[in-house]
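>>> The amino acid sequence is not available; the structure is as follows:
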DNA sequence: CCCGCGCTGTCACCAAGTGTCAAGGAAGAC
DNA sequence: GTCTTCCTTGACACTTGGTGACAGCGCGGG
């Protein structure tokens, strides 16, 4: 909980422009669709040049997807902060909640962004890439938590993957229902489906059902 | 198992060119990396024009990712063909095996392609997009299998998601180990981690652990 | 007052796709 | 055999995302 060190003037000016740009872009995307809007349009609508746009965002996708970066680190932090005694399923559920909360918090704002992302192949692809990174992060954190070597056994990665599948499915339902469904309830429901696996003992635990092919 | 109806001459000619193009492209990608190779180069190296290249492949990514389409339908077919009495975990494990087999079958060939895909962000993104589609397909098949309305409850989608997480993790390990690890063994290991959840009763089954926040 | 630094716009450029059109070649109709 | 038709291909122009290079402008410090 350290206070931001110095919101220098230049820094704030930069944020201002970035926010303006984001707002303009999201507006245009909403009314014309992501692909139909050109970077030139976005830039022009804010009165800057295309070149400058790319000094603020690495790509057109980046405008929409930027905030995902925070989600990832937020989740990792949440998981790291969970009490050690907590069961894996509970810890992970709270981890996902943290991210869902960050989304559902701004409600109206975020819902449209999420719908845009899920409905645009290029953006969905970026989103999934992030998730894939988060899986590695969470798996590392989880392995640490369980005192297991990350390279040994697939369990941590599988557990992280299940949690993120829950996250993804919840977002999908929430977005498909246009925000009508309660994210928290959906999260609980999703975790109910994976909890038995999350809380099973990692190491052996398995009669290793090597059934016929 | 119906025989292909008529491998008309034009059809075969088309395949031939596509194969040649694919071979050339993969070769170039292997030695220079995906991003460093231009479509012009690929086309030129096969003696055709760029325009023609795009008549065979929808995009540069498509050359590498094309075969994924088959994997998806293969998995769905495998799941559909599994005996009704089989436990979900076994049925899904076999489903994933089918895909893994299709990959590990050609061994040398596919290993390099998989490594290319997993190691190239743009390709990995496409791959994940496919997976996301497969999840919907498998979920539908699964819901059908369990006699459940797909819209009701997240269980089928979660189950499909877990299976695909397994698929992804297995491929990642296999590719990271340079083919040294046995795909079948990895698959078993991954499924050992999720089986408890897969075989739990879908509907209620859950004390719904609504623990504190 | 001038100097340097950072931000910005302009312009040129590359690569991925796409639309259009005209030429060529194979297959069928007469 | 020839004519016609259709399909494939190449050539060319164009749009869009994204990058590099450079020149101008504002601003604070000397």
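The structure has been received and is ready for your questions. From a predicted model like this one, the values you see are computed outputs, not experimental measurements.
>>> Stretch A:19-36 close to DNA strand C?
No - figure legend: stretch A:19-36 not in contact with DNA strand C (C-beta under 7 Å from any atom of the strand); closest approach 10.2 Å. Yep, even glycine has a C-beta here, placed from its N, CA and C like the rest.
>>> can you list contacts of that stretch?
A:37, A:41-43, A:45-46, A:48, A:53, A:56-57, A:60, A:63-64, A:66, A:112-113, A:116, A:120, A:122-123 (C-beta atoms under 8 Å, 6 or more residues apart in numbering or on different chains).
>>> repeat that for 7 Å
Residues outside stretch A:19-36 that contact it (C-beta atoms under 7 Å, 6 or more residues apart in numbering or on different chains): A:37, A:41-42, A:45-46, A:53, A:56, A:63, A:112-113, A:116, A:120, A:122-123.
>>> Likewise for stretch A:47-55?
If you take C-beta under 7 Å, 6+ apart as the criterion, stretch A:47-55 is touched by A:21, A:39-40, A:42-43.
>>> Out of these, which end up buried?
A:21, A:39, A:42-43 (16 or more other C-beta atoms under 10 Å in any protein chain shown).
>>> Could you find which two of those residues are furthest from each other?
Pairwise distances across the buried ones among the contacts of stretch A:47-55 (C-beta to C-beta) peak at 10.5 Å, for the pair A:21 and A:39.
>>> tell me which strands and helices whichever helix in chain A runs longest is in contact with?
What stands out as the longest helix in chain A, according to DSSP state H, is helix A:121-146. The contact analysis (3 or more C-beta pairs under 7 Å, 6 or more residues apart in numbering or on different chains; DSSP states H and E) places helix A:121-146 against helix A:60-65, helix A:68-81, helix A:108-119, helix A:155-176, helix B:121-146.
>>> right, so these: which one is the most enclosed?
Of all the helices and strands packed on helix A:121-146, helix A:155-176 has the most neighbours on average by mean count of other C-beta atoms under 10 Å in any protein chain shown, namely a mean of 25.
>>> which strands and helices sit next to that helix?
Secondary-structure packing of helix A:155-176 (3+ C-beta pairs under 7 Å, 6+ apart): helix A:88-105, helix A:108-119, helix A:121-146, helix A:183-198, helix B:155-176, helix B:183-198.
>>> Run through the neighbouring helices and strands of the second one.
Okay, so that is helix A:108-119. Using 3+ C-beta pairs under 7 Å, 6+ apart, helix A:108-119 sits against helix A:9-32, helix A:60-65, helix A:121-146, helix A:155-176.
>>> which ones are touching the nearest residue to residue A:186 once chain neighbours are set aside?
Computed as C-beta to C-beta, 6 or more residues apart in numbering or on different chains, the closest residue to residue A:186 that is not its neighbour in sequence is residue A:170, at 4.4 Å. Residues near residue A:170 by C-beta under 7 Å, 6+ apart: A:100, A:183, A:186-187, A:190.
>>> ok, now with 10 Å
Shown in contact with residue A:170 (C-beta atoms under 10 Å, 6 or more residues apart in numbering or on different chains): A:96-97, A:99-100, A:103-104, A:181, A:183-191, B:154, B:158.
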